[in-house]
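J.: Test case, fold it:
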Amino acid sequence: MSNSIKISVDTTSLDASIAAVNQNVSTNAAKEQASLAALTSQLGNVQADVQNESSLLTELQTTVAGLSAQVSTISHALESAILALTGTASTPTSGSTATSGSTATSGSTVTSGSTATSGSATSGSATSGSTATSGSATSGSTATSGSATSGSTATSGSATSGSTATSGSATPGSATSGSVASGTDLSANLKQYGKSPLPYTSLAKPAKGQTVTDPDTGLKITRITDCVADFNNLCVAPAYPTAMAWNCDESYFILYVPGSTAQSNGQQGWALYNGKTYAFIKFLDINPGDIEQFYWDHQDPATLRYIDNHQMGSQNLADLTAINVETGVKTIIHSFLPNGLPPGCPANTNVVRCGYPFALGVNANGERIWGLGAGGPSVANVSGELGLWVFGFNESTKAFTIYDTSVIPQPQARGSTPFPSVSGKYFIWNAAVGLESQPTTQSAVMDAVTGKLVRYVQFDTNEHCDTAMDANGNDLLVGSQFSRNTGGNGNVIVANLNTGLVTVDVGESSGWGYPATGSLSGATAWKNPSWVSTAMTGNIYGTGTNGVATPGSNGNSGPTANPCTILDQEITLTNLTSGVTWRIAHHRSTGNYSNATQSNYWAQPNVTFSTSGTRILFNSDWGCGNPASPTLNPNAPVDTYVIELP
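T.: Numbering: from 1, shown residues only. I've put the predicted structure just below:
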């Protein structure tokens, strides 16, 4: 009986539990259905958004496709226009240059296998005496021989500080090569002395590595070499103001240690230095056609170019060569000899070289342009100088420029070899018989592709000068002129190759008087165009005394107490867009004084810009450590110093 009662109670409890569970399940199911309905609604909204976005994407793709078609049409139109104007494709390429990171062993040579062609001439395959011309007359030439000479001369004003203009601001009527790097305003923290006399105060020659302050201008000067201790040589100097001493990122620079000044067991050659610490690294295994004819690459800081003339057995070779200065690996870019000279070049040539050591031109396509000449037994000397059969060369396309011989006769004296403008659009030829001939007052500007005359400019490239560019992209010649008509002579004369206009930035007609002698200019700051640095030996005894001096005067006749200067013994900085000049330091070198009994060529101050223009190398024998009593010693050691602009 007791068991029956227990079972009845348990069954009733179980039924109640089951009913409660069923109620919970029903309630939860209703909630889940409501949640599912809400999620379904949200999904519908998302799907609607996706559909809208898909429609927008389709519209965008249609728009992009339309724009791409327009770009393609414009590109083809431009290419056709360029081809019609020049007769050549706008961007020919050559796959001949080996990379600087080659893993070949130091000193090895890699030969480029390029067979790229340019126009109608195949690179490296033209044989001497061929009647075909490469890169000669092309359709669309706008200049003819005998075009009007622009002889106008403008005097540069004394306008405000020479800030550099932004790229692309072309002068009306003058073609530009594209954008121009603006760089920095090198004058921003310089004091402007105008034409006032500068005191010339004593300053002892600093030790190697020591930085001193110019007592008359306040700029910092650091001595970076000790030629005697370092190399047992009486000179280490920048090769020349127009030579590319500094590489593209200023991590290296090159100084020259002459063989003519080497002492017993002294070293000589092209010395590579660290551009940051100024420490000597090593001598480079190069042998350019002249001491200044080496050229840094504009992109690769380790690549240096030069033309290697040498013999292999009885065969004369002339190779355009790139060397990696870090590894020593050499790459042959183009072999001019034995079979790579332009059509028409005389047989039996045995050397190829540049003329003067101006920087290479780089055209709007980034192609390096060379001004070259080939010499040998069949090329007659000109006016007692080495004669060269001259031509232009595009390194990338391997195209040659053959000059109009009605303007530039063949052969030319070594010193009259046409050289490229900075933009690569022109070659410039000194319209004189030879380097040592009577001065001329004009130079010919030739089209770099056609070889035809564009114009003459009233500028004598027999004088020390350099190629340059202003902030508007105009190609320039800049340097001293001594042979022009009264009023046109000066230490910084500028000829605009695009217009023919000549300006007197520092000279007679701009109030500076007759130019100081021993004047050298360099404009190699290609990352910061429109600046030129100039150094003048002039009168080593100064221009005047006790703060009184006249610009352009003969100056003091001998040692003078309290000397002062106006350009004599000075280093200057000129903005080629504004024409304004700043006088920044005394170089104190006396050995190249024009009245010295025995002059020392290596004591001339080879002022050389870094690529940014913010540093300037110069060499000096420091003969004016005491300007009141200068020392003239042709055997005084000549060392290199650097000015760091503030």
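J.: Do me a favour and average the pLDDT over stretch 266-275.
T.: Across stretch 266-275, the average pLDDT comes to 98.
J.: Next: stretch 556-571.
T.: Stretch 556-571 comes out at a mean pLDDT of 98.
J.: element containing I643?
T.: For I643, the enclosing helix or strand under DSSP states H and E is strand 639-644.
J.: name the helices or strands packed onto that strand?
T.: Packing partners of strand 639-644 (3 or more CB pairs under 8 Å, 6 or more residues apart in numbering; DSSP states H and E): strand 220-223, strand 615-620. Quick note: C-beta positions are derived from backbone N, CA and C, even for glycine.
J.: Export those strands as a markdown table, with columns for mean neighbour count, mean pLDDT and distance to L477.
T.: Formatted as a markdown table, the helices and strands packed on strand 639-644 follow (neighbours: other CB atoms under 10 Å; pLDDT from 0 to 100; distance: least, CB to CB, whole Å):
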| stretch | mean neighbour count | mean pLDDT | distance to L477 |
| --- | --- | --- | --- |
| strand 220-223 | 19 | 98 | 29 |
| strand 615-620 | 26 | 98 | 20 |
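J.: Kindly reformat those strands as a markdown table containing distance to D285.
T.: Listed next are the helices and strands packed on strand 639-644 as a markdown table, based on distance: least, CB to CB, whole Å:
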| stretch | distance to D285 |
| --- | --- |
| strand 220-223 | 28 |
| strand 615-620 | 23 |
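J.: Between the ones you listed, which one is closest to I369.
T.: strand 615-620 (25.6 Å; CB to CB).
J.: Quick one: work out the angle between that closest one and strand 639-644.
T.: 150 degrees (axes from the mean of the first three to the mean of the last three CA atoms, to 10 degrees).
J.: Neighbouring strands - and their directions - for strand 615-620?
T.: Take DSSP bridges as the rule and strand 615-620 pairs in its sheet with strand 608-609 (antiparallel), strand 639-644 (antiparallel).
J.: tell me the SS of G415?
T.: In three-state terms, and counting by DSSP: H, G, I helix; E, B strand; the rest coil, G415 is helix.
J.: any idea of the pLDDT on it?
T.: Per-residue pLDDT puts G415 at 86.
J.: again, but for S383
T.: Looking at S383, the pLDDT reads 83.
J.: wait, doesn't it sit right on A413?
T.: Yes: contact criterion CB atoms under 8 Å: S383 and A413 qualify, at 5.6 Å.
J.: neighbour count winner among those two?
T.: The neighbour count for S383 versus A413, taken as other CB atoms under 10 Å, is higher for A413 (24 against 14).
J.: H586 contacts T213, doesn't it?
T.: No: at 11.9 Å, H586 and T213 do not qualify as touching, with contact defined as CB under 8 Å.
J.: more neighbours, the two?
T.: H586 (27 against 11).
J.: Specify the beta-bridge partners of the more buried one.
T.: For H586, the beta-bridge partners under DSSP bridges are E570.
J.: dump the residue contacts of it.
T.: L198, Y200, L203, D214, D216, T217, T565, Q569, E570, I571, C624, P627 (CB atoms under 8 Å, 6 or more residues apart in numbering).
J.: SS state for the last one?
T.: In other words, P627. Strictly by three-state DSSP, P627 counts as coil.
J.: Relative to T537, how far out is the residue nearest the centre of the chain?
T.: Centroid check for the chain by CA atoms, centre = their mean gives W526 as the closest residue, at 3.7 Å. W526 sits 26 Å away from T537 when distances are taken as CB to CB, to the nearest Å.
J.: And for N496?
T.: 28 Å.
J.: Noted, bye for now.
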